[in-house]
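> task: produce atomic coordinates for the following.
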Amino acid sequence: QVQLVESGGGSVQSGVSLRLSCATSFYTSDTYCMGWFRQAPGKEREGVAAIDSLGHTTYKDSVKGRFTISQDNAKNTLYLQMNSLKPEDTAMYYCVADKIDWWLLPRYAYWGQGTQVTVTS
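Below you'll find the model as predicted:
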């Protein structure tokens, strides 16, 4: 069974950085797409960043230049480095994985339980 366990969330002030981690058992597939989604209260879930097995990445426009997705296959861990955080980044952040390249579409087969990020001004 695929496991995705997020960590690294917290409550921070605007402008600081956080790094989210996702420990996963998913790196057994030759081809895959993994990513980060977020959902704020009263809003739809949205894709933030994604990376495929070749290292290609994509980002939501509002986080480009501030967020960086990366992976350490040896450690079976996916990361999301978030810099210059803004109050509008406040949300529950979810790690996702699938063998299909869904990129920022919310159609991934596997989802973690989420980690809360709260940014105050």
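> OK, contacts around the closest residue to Leu105 other than its chain neighbours?
Among residues not flanking Leu105 along the chain, Gly47 sits closest, at 6.7 Å (CB to CB, 6 or more residues apart in numbering). Every C-beta, even on glycine, is put in place using the N, C-alpha and C of the backbone. Residues near Gly47 by CB atoms under 8 Å, 6 or more residues apart in numbering: 35-37, 60, 103-106.
> ok now the helix or strand hosting Gly47, how far from the chain's centre?
Assessed by DSSP states H and E, Gly47 sits inside strand 46-52. Mean-position distance between strand 46-52 and its chain equals 6 Å (CA atoms, centre = their mean, to the nearest Å).
> ok, now which ones touch the residue sitting furthest away from the middle of the chain?
Most distant residue from the mean C-alpha position of the chain: Ser121, 22.4 Å away (CA atoms, centre = their mean). Neighbouring residues of Ser121 by CB under 8 Å, 6+ apart: 13-14, 87.
> same thing but at 10 Å, please
13-15, 86-87 (CB atoms under 10 Å, 6 or more residues apart in numbering).
> need the contact list for the residue nearest the centre of the chain.
Central residue of the chain (CA atoms, centre = their mean): Trp36, 2.2 Å from the mean position. By CB under 10 Å, 6+ apart, the residues touching Trp36 are 6, 20, 22, 47-51, 59-60, 63, 67, 69, 78-80, 82, 93-96, 104, 112, 115.
> what's the answer for Thr31, then?
52-54, 98-101.
> could you dump those into a markdown table with neighbour count added?
What follows is the contacts of Thr31, written out as a markdown table (neighbours: other CB atoms under 10 Å):
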| residue | neighbour count |
| --- | --- |
| Asp52 | 17 |
| Ser53 | 16 |
| Leu54 | 9 |
| Asp98 | 21 |
| Lys99 | 15 |
| Ile100 | 12 |
| Asp101 | 16 |
